[in-house]
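In: next come a sequence and a model predicted from it.
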Amino acid sequence: MLKAVGFDLDDTLYSRSAIYERTYQQMEDNIVATGIPFNQFEPIFEKYSQLEFQKFNRGEKTREQYSIDRVVETYAELGFEIQSEDGAYFNDVYHSEQANITLRPGVEECLSFLKSKQVIPFVLTNGSSEGQWKKAERLQLTECFSPEHIFVSGDLNCAKPDVEIFQYISQQLNVNLSEMAYIGDNYTMDVIGAQNAGVTPVWLQLKPTQEKIDTTTVTTISEFYDWLQANC
């Protein structure tokens, strides 16, 4: 029986991809017109975002440095040279667009159901403390989750997919890892991370894949609500 259910933040509780797409369009209009569709830009940007975040997490780069470098390196792989100030422009637009974020449809219903079953909802997100808590504030997450149940890697000494971060949450919630479930959109960070820790993973699959994935998969939060009803 599940006693705690966790949610990833970026692209799970809200659509970060939509914000990046609007940001990319501003880059196309005002900085460099690559003519490359966003669906080709996005996976490369995601790759460098993860690589640069790991450097930030190890203390090798500041938040500003890794945020800029991920943009510059993405454009370099696409065959376009941009400057650091262009990367900073990308991030400025992105942060401005964050003012418009809202919870995905179905999230509030999931939380109401969990509370009715006395199951603890929590958030686990990778990122800088300042950046992730700003998003939490804009989404009014402290009205949906207890503040002490919002876990940001930037506040801790570990990050997804490390087993340690799931173990830490288990201790804080006083719940066994086997009694926890966790949903996220990133297969490596969220699904494999949870699975390796002994937590039941649920993959929010936002993009089609040809790979055969041996894990519980949903494509919307509404589908996750159905899964919760069957498993809580």
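Out: Thanks, I have it. Residues are numbered from 1 along each chain as shown.
In: residues near the residue nearest to Val152 when sequence neighbours are not counted, how many?
Out: The spatially closest residue to Val152, leaving aside those adjacent along the chain, is Gln132, at 4.5 Å (CB to CB, 6 or more residues apart in numbering). In short, each C-beta sits where N, CA and C put it, glycine included. If you count neighbours by other CB atoms under 10 Å, Gln132 ends up with 22.
In: same thing with the one 10 residues further on?
Out: The criterion is other CB under 10 Å. On that basis, Thr142 has 14 neighbouring residues.
In: got a list of what Glu28 touches?
Out: 34-35 (CB atoms under 8 Å, 6 or more residues apart in numbering).
In: that one falls within a helix, correct?
Out: Yes: assessed with DSSP: H, G, I helix; E, B strand; the rest coil, Glu28 lies in a helix.
In: and it, how far is that from Phe90?
Out: Counting by CB to CB, to the nearest Å, the gap from Glu28 to Phe90 is 11 Å.
In: before we move on, back to that, list the contacts for the residue nearest to Val152?
Out: Residues near Gln132 by CB under 8 Å, 6+ apart: 9, 125, 152, 154.
In: which ones among those map onto helices?
Out: The helices, defined by DSSP state H, take in nothing from the contacts of Gln132.
In: just the buried members of the residues you listed?
Out: 9, 125, 152, 154 (16 or more other CB atoms under 10 Å).
In: what about the chain, any weak spots by pLDDT?
Out: 210-212 (pLDDT under 70).
In: would you map the strands across it?
Out: Ranges of strands within the chain are 4-7, 120-125, 150-152, 180-184, 200-204, 216-218, based on DSSP state E.
In: just put the ones you listed in TSV and tack on distance to Ile68.
Out: What follows is the strands of the chain, written out as TSV (distance: least, CB to CB, whole Å):
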stretch	distance to Ile68
strand 4-7	29
strand 120-125	21
strand 150-152	21
strand 180-184	26
strand 200-204	29
strand 216-218	34
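In: quick one: closest of these to Thr23.
Out: strand 120-125 (19.3 Å; CB to CB).
In: can you redo the buried ones among the contacts of Gln132 as a markdown table with distance to Ile165?
Out: Shown next, in a markdown table, are the buried ones among the contacts of Gln132 (distance: CB to CB, whole Å):
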| residue | distance to Ile165 |
| --- | --- |
| Leu9 | 14 |
| Thr125 | 10 |
| Val152 | 10 |
| Gly154 | 12 |
